[in-house]
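Mind folding the following:
(2 chains)
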2 protein chains.
Amino acid sequence: MSLDAYERYLVEHEEEHLEALKEFLRIPSVSALPEHQADVRRAAEWLADYLRRIGVPEVELLPTERNPVVFGAWHVDDAQPTALIYGHYDVQPPDPLDLWTSPPFEPVVRDGKVYARGAADDKGGVMLALQGVEAVVRTRGKPPINLKFFFEGEEEIGSPSLPTFMPAHRERLACDFIISADGGQPALDQPGITLSAKGLCACQVNVRTADTDLHSGMFGAVVPNAAQVAAHLAASFHTPDGRVAVEGFYDRVRELSPAERAELEASRAGERAYWEQVGAPALWGEPGYSPVVRVAARPTLDINGIWGGFQGDGVKTVTPCAAHIKITCRLVPDQDPEEILDLIERHVARHCPPWATVTVERFPGSSRPFAISRDHPALQTAARVLEQLYGKPPVVARQGGTIPVAEIFQRVLGADMIFFGFGTPDGNVHAPNESMRLESLRRGRRAYSAYLTALARA
Amino acid sequence: MSLDAYERYLVEHEEEHLEALKEFLRIPSVSALPEHQADVRRAAEWLADYLRRIGVPEVELLPTERNPVVFGAWHVDDAQPTALIYGHYDVQPPDPLDLWTSPPFEPVVRDGKVYARGAADDKGGVMLALQGVEAVVRTRGKPPINLKFFFEGEEEIGSPSLPTFMPAHRERLACDFIISADGGQPALDQPGITLSAKGLCACQVNVRTADTDLHSGMFGAVVPNAAQVAAHLAASFHTPDGRVAVEGFYDRVRELSPAERAELEASRAGERAYWEQVGAPALWGEPGYSPVVRVAARPTLDINGIWGGFQGDGVKTVTPCAAHIKITCRLVPDQDPEEILDLIERHVARHCPPWATVTVERFPGSSRPFAISRDHPALQTAARVLEQLYGKPPVVARQGGTIPVAEIFQRVLGADMIFFGFGTPDGNVHAPNESMRLESLRRGRRAYSAYLTALARA
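Reported below is the predicted structural model:
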C-alpha cells in the first residue's frame, strides 16, 4: 500500500470531511455551563458514531462522574505497538458573544478558515486525526498499528473526573504511548514537537464587607467597600512590574539551562509578532525573562475575572457589600498545584484587612505540569514525519497551555504523550472568533496517515 | 380651624392614604434603566392626578430633556409666603433582586413597615407631604400659605436636566423657600434639621489591554491583563488605611470648627450602632476623623462597582482584555465636582501603566455641595414644629447623602431648602428591602399639616 493511496483518499474526501467537522462544531458542547449538559452528551454520541463509521470495532461511552469518555479500540497485531489517540469533544464557553463576527456554533468558512467555537480547540484536532486514521484504514483495510481512542468531555474544565477515572480503567487504557490530537504548531509552515506543558490550578476569592449593598452617602464614609477590598487584594498578587508577589510562588520552579533558553529563543523568535498582533499597547510580564521564555517555562498567576457592585449603565451610588476574583495559575516543573493554592490562601489571609471577610474557594481540576524526554522513540518518529511533510525539522516547543491528561497518563499508565496537533497560533483559542485553517486540516489529516504508517514495525 | 380637625382627618384616612402610597410604589419608575422609561412617565402622571385630587388648581407635567417635572401651584393670598414642596417620583434600580424578601415593586406591610423600592426614597416622603397638605386643605378649605409643587423624575440619576430646566422656568418656580420632602431624620423619635448635604460627581474608568480576551496559557505571560490593571488602578485611589489618595482631593475641603464637631458628636453618637448593624466586620474610613464627622462633613471616593473578564460558574482560563470601574465622590463645601473629576482624570493618567489604554468617562448629574444658614426663619419654624411634635428639640444634621436640587434652587432661585423628611436610618435606602415605617408616615403627615399651618403669617 503506497503513501499515494491515502493521500488520494484524503483529497477525494476533503469536502465530506469538512462537512463532518462542521456538523460536529454545531453541537454547543460547553462543559463549563450546566445548561449545555445535553449538548455535551450529544457531542460524545456523535463522536462515537464517527468512530463506528470509520470501522473501529470496539466503541463505547465510558461514564465518568460528569461527562463520558468516548473510548474505542482496534487491535490488529500483537507484534505492533499500541497507540492511544487522545483529544476532547468539549469546548470553552463562547462569551462575550457580541465580539463574534459569526455565531460561535454556526460554523462558516471565510478566508480559508473555518470559524466556530471548538474549530481549533479541539474538534478540528480530533477530526483531522480521525480522518487521517480513516484514510489509512480505507486504503489499507486496517490500521498499521494497534489503536485506542480516548476523547474526553471535561478538558475545558480541567478534567476533574480523570484522576479517579484513569486508575479505575488502567488495564483497558494500557498502551505504549499516547498521541494527543489537542494543541498546535508554532506557525502554519513550521512544525514543532512539545517537550512540556504547564500545570494549572484555579480558585475564586470571595470578599464580603456587609450584609447588603449600601447607600454610599449614608455609609460610604464608615462602612468598608467590598469592591475596593477586592481591588487591593487583586492588585496584591503582582508587583507593579509584573512578578508574582505570592510568597514562595517561585520556590520550586525548575530554571531552564542557558542552552535550553537559547534553543527556545532561536526557534521561537517569530512569536513576538504574534503576541503583538492582539492589540496590546505593550507586552508585559515577569521581569528578567524574555517573552519566549516566559510563555514556555515561567509560571503565571492570572486574574481571569473580577466583579463586584454595580455594572449597569449610568450611575448607582452604592457601597458594594460583595466582590469576587477568579484566579488561575499556569505552573511549570516542579510546582505543585495544591501547594500553590495553599500559598495563595496564605497570601490572601495575610492581605485581608480586618474590615472584610475573605474566603478562598478552590476549584477542582488542578493539573501538575508535564514534561517528556526528547529521546522518546515515538517522539522521534513524529519529528521525522513532520520534517518530511514540511521540508524542515520541527522546532522544540514548551507549551504555555495546559493538557491535564498528559501528566495523568504519565503518572497512572506510565505512558508518555506525543503532541501531534495542527492548530496555528492565530486560531483565537478560548476567545471570540476561534478558527482553524483549512490548510491545517489538510496537512494534519495527511500527517496522521503518515505517522501511523511510520510507527508500524517492519 | 383647630389642629384637631386635620389630625382627625389624618386618622380617618390612614388606610386610604396607605393604599394610595402602595399604588404609587407599584409603578417601577427606575430612572437609571432605559427599559423603565414608560413606567417613569406613568409615575409622573399618577402623581399629577393625585395633586388634582387634593384640589391643586394648576397642575402640569413640565417636559425636561428626559423625565417630566410634576408641577403644581396654588396661590391663596398675596400676604402669605410661598413655599415650594420638592420631592422625586423616580427610584433607584432594585438589583440585586435575590436579596429582596418580597418583590421590590409589590409593596407589603410587615412588622409595621411598608417594604418596596421607593418606600422611603422618595415616594413615601412625597406622599406623606401631600397627604399632610390634603388634611389641611380638606379641613380648612384651602392651604394656609401659597404652595408650589415640584416633583422631579431624575433625582436618582443626579438630576441631569435641572441645570438647564431651572433657569428656563425661573419665574414660574419663584418662591420664598423650598420644603424638601426627600430625606429623613436621625431616629424614629429624634427629629433633625439639616444644615448641609454632600455634592456628587460620577465617572467610569475603562481599561483596555487587547482587542479580545485571550488564552491565559498562550498569552498570560506576555500580554497585559485588563482586570489586573483595573485592580491596581482601583486600589490606587485610597491609601491602605482609607484616605483618598487622589492628589488635591482634600485641598478645598472646609474643616468644621471644634464647636461644630462637638455638636455633631453630641447629637449623633447613637449612629454608631446603626452603622454597626449592617454586618461589616469593622467600621472603616478616613483616618483622623470620627465616623460621625466622616459621614457629615468629610468627602469620600466610592468604588460603586468593578468588573472585567469571566464571572460565570467554575473556571475560564482567560486573560481579560477589558475592565471597568464605577466611581462616585461625595463632596463637601467648597469642593467643586468638575474640578474633582479633573483630579481623578489626572490621577488615572498618572497611574495608568504603559501597557494599557485607560479612559475616564464622566457622567452627567454632578452636584455641588449644599449648605443653609441655621438662622433661616423657615428653618427655625420647622425646628419649633418638630420640637412640639416629638417633645424634644431637633438635632442638627449634616447629610452624607446628596440632594442635587438643593444647591440648584439656591443658586438659580436664590431660595433656601428646608429638609422636612421622615425616613428613618433603617430604611435600606438604595439597597434591597427598602422600607418606610408606618409610624413615620403617620407622624410625617401630621408634621406637614402643622408646618404649613405654622408658616402662615397672622
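
where does the nearest residue to A:His215 once chain neighbours are set aside land in three-state SS?
Distance criterion C-beta to C-beta, 6 or more residues apart in numbering or on different chains; nearest residue to A:His215, sequence neighbours excluded, is B:His430 at 4.0 Å. Any C-beta I mention is one placed from the backbone N, CA and C, and that applies to glycine too. State at B:His430, reduced to three classes by DSSP: H, G, I helix; E, B strand; the rest coil: coil.

Return the residues in contact with B:His430.
B:His430 makes contact with A:213-216, A:316-318, B:92, B:121 under the criterion C-beta atoms under 8 Å, 6 or more residues apart in numbering or on different chains.

which element is A:Val137 on?
In this assignment (DSSP states H and E), A:Val137 forms part of helix A:123-140.

Then A:Gln410?
Taking DSSP H and E as the definition, one finds A:Gln410 inside helix A:404-413.

rewinding a little: may I have the phi/psi pair for the residue nearest to A:His215?
For B:His430, the backbone dihedrals (degrees, to the nearest 10) come out as phi 70, psi 10.

so what secondary structure elements neighbour the helix or strand hosting A:Arg445?
Per DSSP H and E, A:Arg445 falls inside helix A:438-455. Counting contacts by 3 or more C-beta pairs under 8 Å, 6 or more residues apart in numbering or on different chains; DSSP states H and E, helix A:438-455 packs against helix A:3-12, helix A:14-25, strand A:113-115, helix A:123-140, helix A:377-390.

nearest to chain B, of these?
strand A:113-115 (13.5 Å; C-beta to the nearest C-beta).

Establish whether that closest one and chain B are in contact.
No. Shown here: strand A:113-115 not in contact with chain B (C-beta under 8 Å from any C-beta of the partner chain), separated by at least 13.5 Å.

Take the helix or strand containing A:Val59, keep the C-alpha atoms, and write them as PDB.
Assigned by DSSP H and E, A:Val59 belongs to strand A:58-62. The C-alpha atoms that make up strand A:58-62 are tabulated as PDB, following Å, rounded to 0.1, in the frame of the first residue of the first chain:
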ATOM      1  CA  GLU A  58     -15.000  -1.600  19.800                       C
ATOM      2  CA  VAL A  59     -16.600   1.700  20.600                       C
ATOM      3  CA  GLU A  60     -18.100   2.700  23.900                       C
ATOM      4  CA  LEU A  61     -19.100   5.700  26.000                       C
ATOM      5  CA  LEU A  62     -17.400   5.200  29.300                       C
END
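
So for that strand, mean pLDDT?
For strand A:58-62, mean pLDDT rounds to 98.

Thought A:Gly427 was touching A:Tyr274, still the case?
No. Counting by C-beta atoms under 8 Å, A:Gly427 is not a contact partner of A:Tyr274; they are 11.0 Å apart.

between these two, which one's more packed in?
Using other C-beta atoms under 10 Å in any protein chain shown, the more surrounded residue of A:Tyr274 and A:Gly427 is A:Gly427, with 23 against 17.

The more buried one against A:Leu441, yeah?
No. Counting by C-beta under 8 Å, A:Gly427 stays clear of A:Leu441, with 11.7 Å between them.

on that earlier part again, which stretch in the helices and strands packed on helix A:438-455 has the least confidence?
Lowest mean pLDDT within those: helix A:3-12, a mean of 89.

Parallel or antiparallel, list what pairs with the strand holding A:Val59.
If you go by DSSP bridges, strand A:58-62 pairs up with strand A:69-74 (antiparallel).

Show the average pLDDT along the partner strand.
Rounded mean pLDDT across strand A:69-74 is 98.

Show residues contacting it.
Here strand A:69-74 makes contact (C-beta under 8 Å, 6+ apart) with A:44, A:47-48, A:51, A:55-62, A:89, A:142-143, A:146-153, A:165, A:172.

how about 6 Å then?
A:44, A:47-48, A:51, A:56-60, A:62, A:143, A:147-149, A:151-152 (C-beta atoms under 6 Å, 6 or more residues apart in numbering or on different chains).

Need the buried ones from the residues you listed selected in ChimeraX.
Buried residues within the contacts of strand A:69-74, by 16 or more other C-beta atoms under 10 Å in any protein chain shown, are selected in ChimeraX with:
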select /A:44,47,48,51,56,59,62,143,147,148,149,151,152
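
from what I can see A:Leu256 touches A:Arg298, true?
No. The pair A:Leu256 / A:Arg298 is not scored as a contact, 9.2 Å apart, by C-beta atoms under 6 Å.

more crowded one of these two?
For A:Leu256 versus A:Arg298, neighbours defined as other C-beta under 10 Å are more numerous around A:Arg298 (25 against 18).

Out of the contacts of B:His430, which comes closest to B:Ser366?
Distances from the contacts of B:His430 to B:Ser366 were compared by C-beta to C-beta; the smallest belongs to A:Thr317, at 12.6 Å.

Test my guess that the closest one contacts A:Ser216.
Yes. Using C-beta under 6 Å, A:Thr317 is in contact with A:Ser216, at 4.5 Å.

With neighbour numbers in mind, choose between these two.
A:Ser216 (29 against 26).

who's in contact with the more buried one?
A:317-319, B:302.

10 Å instead?
Shown in contact with A:Ser216 (C-beta atoms under 10 Å, 6 or more residues apart in numbering or on different chains): A:223, A:225, A:316-320, B:198, B:200, B:300-304, B:328-330, B:400-402, B:430.

Now the element after the worst-scoring helix or strand of chain A on mean pLDDT, going C-ward?
One helix or strand of chain A scores below all others by mean pLDDT, DSSP states H and E: helix A:271-276, with a mean of 78. Once the chain leaves helix A:271-276, the next helix or strand it forms, by DSSP H and E, is helix A:291-297.

Report whether that following helix contacts chain B.
Yes. For helix A:291-297 and chain B, the contact criterion (C-beta under 10 Å from any C-beta of the partner chain) is met by A:291-297.

before we move on, the earlier item: got any residues that touch both of A:Gly427 and A:Leu441?
Taking C-beta under 10 Å, 6+ apart as the contact rule, A:Gly427 and A:Leu441 both touch A:113, A:119, A:124.

Thought A:Phe422 was touching the second one, still the case?
No. With contacts defined as C-beta atoms under 10 Å, A:Ala119 does not count as touching A:Phe422, sitting 11.9 Å away.

what about those two, which has more around it?
A:Ala119 (31 against 27).

Could you look up the SS state of that one?
Under the three-state scheme (three-state DSSP), A:Ala119 adopts coil.

ok, and the closest non-adjacent residue to it?
A:Met436 (4.2 Å).

name the element the closest residue to chain B within the stretch 1-150 of chain A belongs to?
The stretch 1-150 of chain A approaches chain B most closely through A:Ala32 (4.9 Å), counting by C-beta to the nearest C-beta. Counting by DSSP H and E, no helix or strand carries A:Ala32.

isn't A:Leu97 right next to A:Asn433, touching?
No. Using C-beta under 10 Å, A:Leu97 makes no contact with A:Asn433, being 11.2 Å away.

hey, what's in contact with both of those two?
Counting by C-beta under 10 Å, 6+ apart, the residues touching both A:Leu97 and A:Asn433 are A:Pro104.

Give me the more crowded residue out of these two.
Applying other C-beta under 10 Å to A:Leu97 and A:Asn433 shows that A:Asn433 carries more neighbours, namely 19 against 10.

now the helices for the stretch 201-350 of chain A?
With DSSP state H, counting those that start in this stretch as the definition, the stretch 201-350 of chain A shows helices at residue ranges A:216-219, A:226-236, A:258-268, A:271-276, A:291-297, A:337-351.
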